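**Student:** dropping a prediction and its sequence here:
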Amino acid sequence: MKKAACLDVQGVTKLFGGLRANDDVHFRVEEGEIVSIIGPNGAGKSTLFNCITGFYKPNSGKVLFFGKDITRLRADKVCRMGIARTFQVVQVIGDMTVLENVMTGALLGCVKIARARDKAEEVLAFTGLLEKKDRLGTELTIAEKKRLEVSMALATQPRLLMLDESMAGLTVVELREMMELIKAVRKSGVTLVVVEHVMEAVMEISDRVVVLNSGRKIMEGPPREVVSNPEVIRAYLGDGYRAVGR
Amino acid sequence: MPEQLLQQIVNGLMIGFMYSLIAIGLTLIWGVMNIVNFAHGDFLMVGMFASFWLYTLYGLDPLFSIPICAVLLFVIGVLLYRFVVSKVMSGPILAQLVVTFGISIFIANLAVYLWTPDFRLIDKPLLSGTWHLGDVQLSIPKAVASLGSIVTSAAVFLFLKKTKTGKAILATEMDREAALLMGINTERINSLSFGLGAALVGIAGAFLSTYYYIYPQVGGLFGTIAFSIVALGGFGSISGAFIAGILVGLVQTLGGFFFDPAYKYAIVFMIYLITVWIRPQGLLGW
Amino acid sequence: MKGFSSKQIVIGSLVLAVAIVLPLIFTSTFFQHVMILVFMFGVMGVAWNIMGGYAGMFSFGQVAFFGIGAYTSSFLLMTYGVNPWVGLVIGGLVAALVAAALGYPCSNLRGHYFAIASIAFGEIVRTHFNNWKLVGAAEGLSLPMLDGGMKDFMFHSSKLPYYYIVLAFLLLALLVCRMVSRSKMGYYFRAIKESHDVAQVLGINVARYRLVAIMVSAFLTAMAGTFYAQYILYIDPDSVMILPVSVQIVLIAMLGGAGTVMGPLIGAAILMPISEVTRVYLGYKGTGIDMLVYGFLITLISVYQPKGVWGLVSNRAKRVG
């Protein structure tokens, strides 16, 4: 029997009134992969994220997580099944310290505060935020907040981590650090699905790339193939361009 | 029985039109700056008292004091916004909630202190008496107030849709950041909207004073009812507030008629709970 | 799960010792009455804090639970002779159930919308009790004179037993709040307060935790209601279940510091004496000066120190430490 894919998105369609935000989107993610989802603004990437993670209910289609149907599950249940995510506009708990933020995530798997604290410190060591553990959420820079958000997600011990534009607004150095973090996460056994605009990151970290445009998947494949595909280029830049051979 | 029913419907409509005008001011403030003005009912009271004193001291008929009430409340609204409310806009939500409560308690009790808690009435307004249309009695002051409410609401609607400032207000209401990017001075719009919202309810107060008892605590009830109306109509929607006001007036009157007069306000509050439960964006809200 | 630091134990014991000895030194009944109110409102402030300061549900309708507690125990006492202590627990449970019924449809409401829903709820309950013949409608209930003594939860000759009972209630409430704040529940509440989205992606069942917060808060508030009924021996909707009292509860928590354990107690200790003194000395003519001052204070506090006294204290501690 074929091993169940980590994530199997089958014909997900999401309508908002007359707008087809997601139109029959299909793709699979095998365990241990890093798959990027790209596409111009308005392509439906965040909508797809929300459909997968239980914030929206798709109008039709199915989402399978390691073979289990999670399509109609509520967002917190999706998390408990093992999918963690971050948000496009970074959200952390401002009134809590970095450590407390991650502890809140860690409490998913335990009841005792002390154990949660230990787990949280482990995660912070992994993501490189341990020295900032007593800073308040509101005191962090954007890059630190994004890192914190990832830490909180990791503390819930997911099997799949979904990142929504985690590279946006980062400097070159911060970008490099985030990419290293993502690779380290994959190495630790977590599968990753990433929505991204920053192409250098997409090229470097992805095993495969899925391209959305106007709600539909227009292509899927290894990064190099996708980036030189004429239809993808047209989707981003309009008709006046084509790829220059590399 | 049917004539009684018709009478109740007419009564409900007339109350409804007053509610509409009161609610429009509240929804404007809410829509533009996302703050609940718990002092809204007390602005109404101030309008009513202004009208009363102009009548008692200077013999000015309430209908003529409408513009004065409007300007007075506009100024009060702008000043309160600039010196008090604006300072909590960037603070915790709890502070925003409590500050208008504080203003409400202050204004209501200032009125008690200055004018005693006694009930007052304007006994000889210019337009008084009752029309008899068949079996239905139409109180003239109420009818005039209803008409005034419709005219004022229409004027506000036109102002918002057709004038530059009005459109700026609508823009700020829909998307604050975008409005800022368009060069709209959102702080000024806030002041303006708060003042305008207060002015509208001041006008309502002037109309209301032609037939309703005037006393310092009158604001409490009207204010709380206004929330239900705004919720039903959709937070920020002017037309929604107008329609919802009429609906609530009808429901309140008919509910009291068919059910139990003591519960008529409880029914209105139930409407709020049911609305935010079933359709949080209200009838016409976004 | 105690984990009190030695500094906390020393200061806490000192304050407690002072509280115990205070009414024996200052024997004026007015003073004792004010302190009883401080403690009683302290209980309600702490209860509010659990759902408001921690979980972000700003309720302006707490008097409904206060009234439900007071009426339940009093009605059971008058009609079926149920012991007031038993009535206390039953009143709390009834309030918790009503809270759950309200909380369920409102589990998505936040900020202003929840606040108004709570006001609407408070008014609906008050109107209902005002018209409910079974419990005396607008005339309210006068509690029967029992023999007196601890078992009757009624004391005729002195306020002291009431003082110590309500102090015990306050300690209980503080303990509950502290336990909550240092537990998984407390962390989850604070996440919910920040953002439902963040809470959900951390696996938190937002609706369920909000319900728990409301129910605990309602139970404690209802306890205060039963105490009040046994203390004043008369309850009626227009003195017990009105909006201004709900606002006062919010203010106490905010003034002292919302989202902190001790905050509401500090707020009550400041506000209740001011409120009682101004009511007695300035409010006697019905001139409204007391409320005027009160309204002014509220406005001032929300503008200049919304984080409350505790916010002031902890800021200074942060700067020093």
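**Tutor:** That came in fine, so what should we check first?
**Student:** within the helices and strands, which one has the closest residue to residue A:220 other than its chain neighbours?
**Tutor:** The shortest distance from residue A:220 to any non-neighbouring residue, by C-beta to C-beta, 6 or more residues apart in numbering or on different chains, is to residue A:210 (4.9 Å). (C-beta placed from N, C-alpha, C; glycine too.) Per DSSP states H and E: residue A:210 is located in strand A:208-213.
**Student:** what does the helix or strand just after that strand contact?
**Tutor:** Later in the chain than strand A:208-213, the nearest helix or strand by DSSP H and E is strand A:216-221. Here strand A:216-221 makes contact (C-beta atoms under 8 Å, 6 or more residues apart in numbering or on different chains) with A:23-27, A:208-212, A:226, A:229, A:231-232, A:235.
**Student:** and these, which of them are buried?
**Tutor:** The neighbour-count criterion (16 or more other C-beta atoms under 10 Å in any protein chain shown) marks A:23, A:25, A:27, A:208, A:209, A:210, A:211, A:212, A:226, A:229, A:232, A:235 among the contacts of strand A:216-221 as buried.
**Student:** the residue nearest to residue C:240 when sequence neighbours are not counted and chain A, how far apart?
**Tutor:** Among residues not flanking residue C:240 along the chain, residue C:67 sits closest, at 5.1 Å (C-beta to C-beta, 6+ apart). Note on residue C:67: its distance to chain A, by C-beta to the nearest C-beta, to the nearest Å, is 32 Å.
**Student:** residue C:67 reaches residue C:237, doesn't it?
**Tutor:** Yes. At 6.9 Å, residue C:67 counts as touching residue C:237 under the criterion of C-beta atoms under 8 Å.
**Student:** now the common contact residues for these two.
**Tutor:** C:126, C:129.
**Student:** okay, the two: which has more neighbours?
**Tutor:** Between residue C:67 and residue C:237, counted using other C-beta atoms under 10 Å in any protein chain shown, the more crowded position is residue C:67 (31 against 24).
**Student:** that one sits in which helix or strand?
**Tutor:** Using DSSP H and E, residue C:67 sits in helix C:62-80.
**Student:** tell me which residues are up against the helix or strand following that helix.
**Tutor:** Sequence order places helix C:84-103 as the next helix or strand after helix C:62-80, per DSSP H and E. With C-beta under 8 Å, 6+ apart as the contact definition, helix C:84-103 has outside contacts at C:64-65, C:68-74, C:76-77, C:82, C:117, C:121, C:151-154, C:210-211, C:214-223, C:225-227, C:230.
**Student:** quick one, phi psi at residue C:235?
**Tutor:** When quoted as degrees, to the nearest 10, the phi and psi of residue C:235 stand at phi -130, psi 140.
**Student:** contacting residues for it?
**Tutor:** C:67, C:70, C:71, C:74, C:140, C:141, C:143, C:228, C:229.
**Student:** those: which two are farthest apart?
**Tutor:** C:67 and C:143 (14.6 Å; C-beta to C-beta).
**Student:** so the closest residue to residue A:30 other than its chain neighbours, which of the three states?
**Tutor:** Nearest residue to residue A:30 in three dimensions, chain neighbours excluded: residue A:5, at 5.5 Å (C-beta to C-beta, 6+ apart). Secondary structure, DSSP: H, G, I helix; E, B strand; the rest coil: residue A:5 is coil.
**Student:** just read off the phi/psi values of residue A:147.
**Tutor:** The phi/psi pair for residue A:147 (degrees, to the nearest 10) is phi -60, psi -40.
**Student:** return the set of buried residues in stretch A:58-67.
**Tutor:** For stretch A:58-67, the neighbour count (16+ other C-beta under 10 Å) marks A:58, A:61, A:63, A:64, A:65, A:66 as buried.
**Student:** actually, stretch C:18-29.
**Tutor:** C:19, C:23.
**Student:** what parts of the stretch 1-150 of chain C come near chain B?
**Tutor:** Within the stretch 1-150 of chain C, the positions lying close to chain B (C-beta under 8 Å from any C-beta of the partner chain) are C:52, C:58, C:60, C:105-106, C:108-109, C:111-113, C:115-117, C:119-121, C:123-124, C:127-128, C:130-131.
**Student:** how about residue A:209, nearest residue that isn't a chain neighbour?
**Tutor:** residue A:226 (4.4 Å).
**Student:** which residues touch the one you found?
**Tutor:** Residue A:226 is in contact with A:38, A:209, A:211, A:219, A:220, A:232, counting by C-beta under 8 Å, 6+ apart.
**Student:** nearest to residue A:14, of those residues?
**Tutor:** Set against residue A:14, the nearest of the contacts of residue A:226 by C-beta to C-beta is residue A:211 (17.7 Å).
**Student:** report all helices and strands that the helix holding residue C:67 contacts.
**Tutor:** Counting contacts by 3 or more C-beta pairs under 8 Å, 6 or more residues apart in numbering or on different chains; DSSP states H and E, helix C:62-80 is packed against helix C:29-49, helix C:84-103, helix C:111-131, strand C:141-142, helix C:206-232, strand C:234-235, helix C:237-240, helix C:243-256.
**Student:** output the below-cut-off pLDDT ranges for the chain.
**Tutor:** No chain in the question, so chain A it is. Applying pLDDT under 70 to chain A flags the ranges A:1-2, A:238-246.
**Student:** switch to chain B, that's the one I care about
**Tutor:** Ranges of chain B meeting pLDDT under 70: B:1, B:282, B:285-286.
**Student:** which parts of it are helices?
**Tutor:** With DSSP state H as the criterion, chain B has helices at B:2-33, B:40-58, B:62-83, B:93-115, B:140-162, B:164-174, B:176-181, B:186-208, B:218-233, B:238-258, B:264-278.
**Student:** how about the ones you listed in JSON lines, adding distance to chain C?
**Tutor:** Listed next are these as JSON lines, based on distance: least, C-beta to the nearest C-beta, whole Å:
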{"stretch": "helix B:2-33", "distance to chain C": "8"}
{"stretch": "helix B:40-58", "distance to chain C": "10"}
{"stretch": "helix B:62-83", "distance to chain C": "9"}
{"stretch": "helix B:93-115", "distance to chain C": "3"}
{"stretch": "helix B:140-162", "distance to chain C": "22"}
{"stretch": "helix B:164-174", "distance to chain C": "15"}
{"stretch": "helix B:176-181", "distance to chain C": "16"}
{"stretch": "helix B:186-208", "distance to chain C": "15"}
{"stretch": "helix B:218-233", "distance to chain C": "5"}
{"stretch": "helix B:238-258", "distance to chain C": "12"}
{"stretch": "helix B:264-278", "distance to chain C": "4"}
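**Student:** out of those helices, which is closest to residue A:71?
**Tutor:** helix B:264-278 (24.6 Å).
**Student:** now the angle between helix C:84-103 and the closest one, please.
**Tutor:** 60 degrees (axes from the mean of the first three to the mean of the last three C-alpha atoms, to 10 degrees).
**Student:** list the buried residues in helix B:264-278.
**Tutor:** In helix B:264-278, counting by 16+ other C-beta under 10 Å, buried: B:264, B:265, B:266, B:267, B:268, B:269, B:270, B:271, B:272, B:273, B:275, B:276.
**Student:** closest one of those to residue B:150?
**Tutor:** Compare each of the buried residues of helix B:264-278 with residue B:150 using C-beta to C-beta and the shortest gap goes to residue B:268, at 21.3 Å.
**Student:** before we move on, the earlier item: mind listing what the residue nearest to residue A:220 touches?
**Tutor:** A:27, A:35, A:36, A:37, A:38, A:217, A:219, A:220.
**Student:** how about the residues of chain A near chain C?
**Tutor:** Counting by C-beta under 8 Å from any C-beta, chain A sits next to chain C at A:53-55, A:74-76, A:79-80, A:84-87, A:91-96, A:100, A:103-105, A:107-108, A:111, A:113, A:116, A:152-153, A:156.
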